[in-house]
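A.B. asks: 3D, please:
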Amino acid sequence: MLKSIVVSSVLFAACASNARGVARETALRTNPRLEMKLTGATAQAFPAAHNPQLPSVDLISGEVRSGLGAVASADVDLCITPDGHVQGLKLVRGSSHDAFDQAVLRDMQDWQFAATFASNLRACASATITYRPSL
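C.D. replies: Alright, predicted model coming up:
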């Protein structure tokens, strides 16, 4: 009898821990979408971003979704160096959710763009960053 109680307890504990593990894995597998729309006269000539990501925003995607809904966006002015690194970044219009805005700026600092042909000129543009957290 004692043996069956111990076995039942172990099985119950295993089931309980697996259920929580699945929920955490599901939360980590969210697939938010990011859209970057360049605006202004130089937008068509602006170098393309290589795989732009917002990992800091992904970490707070639940908070972003509950605070801003299905779509969060911010407008930024950005400049890149000839080798494609972000050199200047300024929030022009925030989302009304400071944590989202700061995470966008933090993540964009690490973005890499295609190198420009001019070896000594920065490329600057305005962009709208739109983030769609997964449900």
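
A.B. asks: what's the distance between Ala49 and Gly84?
C.D. replies: Per CB to CB, to the nearest Å, Ala49 is found 9 Å from Gly84. Every residue, glycine included, has its C-beta placed from N, CA and C.

A.B. asks: Tell me where this protein has strands.
C.D. replies: Listed in chain order, the strands found in the chain under DSSP state E are 33-39, 72-80, 86-93, 123-132.

A.B. asks: okay, the angle between the longest one and strand 86-93?
C.D. replies: Relative orientation of strand 123-132 and strand 86-93, computed by axes from the mean of the first three to the mean of the last three CA atoms, to 10 degrees: 60 degrees.

A.B. asks: Same question for the shortest one.
C.D. replies: Strand 33-39 and strand 86-93 meet at an angle of 90 degrees, taking the same axes, to 10 degrees as the criterion.

A.B. asks: Lovely, talk soon.
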